[in-house]
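A.B. asks: Here is a sequence together with a model predicted from it:
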Amino acid sequence: MTDVFISYDRDDRADAARIAQALERKGWSVWWDRNILGGETFEHTIQRALADARCVLVLWSTSSVASSWVKDEAAEGARRGILVPVLIDSVPIPLGFRQLHAVMLPRTTLAEENTSDFDDLIKSVEHVLRRSAAPASSTSPIAAVDSGRASSGSATLPTFVHQQRHAGAWPGVSRSSLMVIAVVAALALAVGWRWTMRDRTDPSSAPAVEQAARESVPTAPTTGAGRAPSR
């Protein structure tokens, strides 16, 4: 893994060498095509070095803005969000790269490391390297919400409910078992309802009900007032 990959046109090799040396003095590892060994293939070696870099620094100059190689390397850095554009000539930046702020580093100040322009370059590289070194958060969105609620003092879900949200099942009970229990419960409810409706609608039970109702009504005693007169 290399800290900084420098993309430049061959006409700007001396400027690239000065910037590479300055960055190395800051303690960063720097790759530029002067590191290609004899017998290596340019295309494959550059592609591998570009993929391993944590920061891509492109030197825009009069010659590099017309270089397909430089634009391809800059495009890869922009795609990964690790591109630092450096403008060493007063030229229009190629289309597709103008949304990114470019560090102004004129050729006349390249040999001076105590200028504000050079400080801007160092800060830009540091920012990209620090961002690329930050580990990705492994916290799930639900856990982040729960953590935020807890830190804000608001009520949080009980531990059991929190576990169910993440586990997606009841502890010790499989999903198939839950389905069987639900089917059995539904059948039991259906049978009970059917028997209840049968008792309500069965005509054979009507006489027995009426007889029980008659027996429950007390018979009025026959008194003289109620007895028919004898003749």
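C.D. replies: Nice, I can see it. Numbering: from 1, shown residues only.

A.B. asks: What segments of this protein are helices?
C.D. replies: Counting by DSSP state H, one finds helices in the chain at the ranges 13-25, 42-52, 68-80, 116-133, 141-152, 159-167, 175-201, 206-215.

A.B. asks: Of the ones you listed, which shows the lowest average pLDDT?
C.D. replies: The stretch with the lowest mean pLDDT among the helices of the chain is helix 159-167, which comes in at a mean of 38.

A.B. asks: doesn't Asp117 make contact with Pro106?
C.D. replies: Yes - contact between Pro106 and Asp117 holds when scored by C-beta atoms under 8 Å: they sit 7.1 Å apart. For every residue, glycine as well, the C-beta is placed using N, CA and C.

A.B. asks: These two: which has the busier surroundings?
C.D. replies: Asp117 (16 against 12; other C-beta atoms under 10 Å).

A.B. asks: what packs against the longest strand seen in the chain?
C.D. replies: Criterion DSSP state E: the longest strand present in the chain is strand 53-60. The criterion is 3 or more C-beta pairs under 8 Å, 6 or more residues apart in numbering; DSSP states H and E, and the helices and strands that strand 53-60 contacts are strand 2-7, helix 13-25, helix 68-80, strand 83-87, helix 116-133.

A.B. asks: ok, and what's touching it?
C.D. replies: In this structure, residues lying in contact with strand 53-60 by C-beta atoms under 8 Å, 6 or more residues apart in numbering are 1-9, 12, 15-16, 19, 31, 50, 64, 70, 73-74, 76-77, 80, 82-89, 91, 93-94, 97, 102, 125, 128-129, 132-133.
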